[in-house]
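K.L.:
Here's my sequence, what's the structure:
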Amino acid sequence: MVGTQIAAQELFRAAYENRYTWDQDFPGYTADVTFTDNGQVYTGKAKVGADLKPEVTGIEDEAAQKAIHGQLFEVAIHRVRRSFEATHGANTFRYGETLADGSIEILMGGKAEGDKYHIRDNEVSMVHRHIHGVVVTIHTFSSHDTGAGYLSHRYDSVYHDPQTGAQKGGLSTFEDNYDAVGGYHILSHRHIETTTDNGPQVQDFVFSNIALMEKA
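P.N.:
Here you go, the predicted structure:
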């Protein structure tokens, strides 16, 4: 049992450490942003500081500004470089099923009891996590190989109630593309389609003229 626990942990650790993250020298960046929300177009300026905090300016519509800020925050939080021990030191790991596509299921215990992941080709291909009172499930279908870790390319995301299992909101599908700028990979385009009772909601975030900031 102990051997299985260690083997499952090391398989997960390898995929965790294969994610693309920004190093401690990341200076932050600025960009022009064009946000299209179901045909309505908004343009402004975006900034992600060296502290990874985003700012959106030049857009008066509060909902549009909040949508752009939210995407920048989500991207930045996933670029934070934290050690495996800092993130998962309080968790235990054991093998679950081996799926038809070759993915290996990792079942979590300890602090992350009830969470599970799929690992395929040294990447996390499925995340099932309890977070902020909901369960989020993300399936990744393709990825970008940056040469310094992988970035998800096409994936979907859906939320469920942890008690009842009822779906909360629609299924969202994502496609992300990145530009290499000064040695860092930075999101240049995110396309999101979300199923709703009134048909698909389509959002497009385009970041152009991306420039690294001067180090303070």
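
K.L.:
which residues of this protein fall in strands?
P.N.:
28-37, 40-49, 54-57, 91-98, 104-110, 116-120, 123-131, 134-145, 150-160, 167-181, 184-194, 201-212 (DSSP state E).

K.L.:
Throw these into a markdown table and include distance to residue 70, thanks.
P.N.:
(Glycine included, C-beta is placed from N, CA and C.) Listed next are these as a markdown table, based on distance: least, C-beta to C-beta, whole Å:
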| stretch | distance to residue 70 |
| --- | --- |
| strand 28-37 | 11 |
| strand 40-49 | 12 |
| strand 54-57 | 9 |
| strand 91-98 | 27 |
| strand 104-110 | 26 |
| strand 116-120 | 24 |
| strand 123-131 | 15 |
| strand 134-145 | 15 |
| strand 150-160 | 13 |
| strand 167-181 | 12 |
| strand 184-194 | 11 |
| strand 201-212 | 10 |
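
K.L.:
The ones you listed: which one's closest to residue 22?
P.N.:
strand 184-194 (6.1 Å; C-beta to C-beta).

K.L.:
show me the contacts for residue 14.
P.N.:
Residues in contact with residue 14 (C-beta atoms under 8 Å, 6 or more residues apart in numbering) are residue 122.

K.L.:
circling back: Throw the strands of the chain into CSV and include mean pLDDT, mean neighbour count and distance to residue 8, thanks.
P.N.:
Below are those laid out as CSV (pLDDT from 0 to 100; neighbours: other C-beta atoms under 10 Å; distance: least, C-beta to C-beta, whole Å):
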stretch, mean pLDDT, mean neighbour count, distance to residue 8
strand 28-37, 98, 19, 37
strand 40-49, 97, 16, 35
strand 54-57, 97, 16, 35
strand 91-98, 94, 15, 4
strand 104-110, 95, 18, 6
strand 116-120, 97, 20, 9
strand 123-131, 96, 17, 13
strand 134-145, 96, 16, 20
strand 150-160, 97, 18, 20
strand 167-181, 96, 16, 28
strand 184-194, 97, 19, 29
strand 201-212, 97, 16, 36
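
K.L.:
gap between stretch 25-36 and the chain center?
P.N.:
17 Å (C-alpha atoms, centre = their mean, to the nearest Å).

K.L.:
Same question for stretch 159-172.
P.N.:
For stretch 159-172, the distance to the chain centre is 18 Å (C-alpha atoms, centre = their mean).
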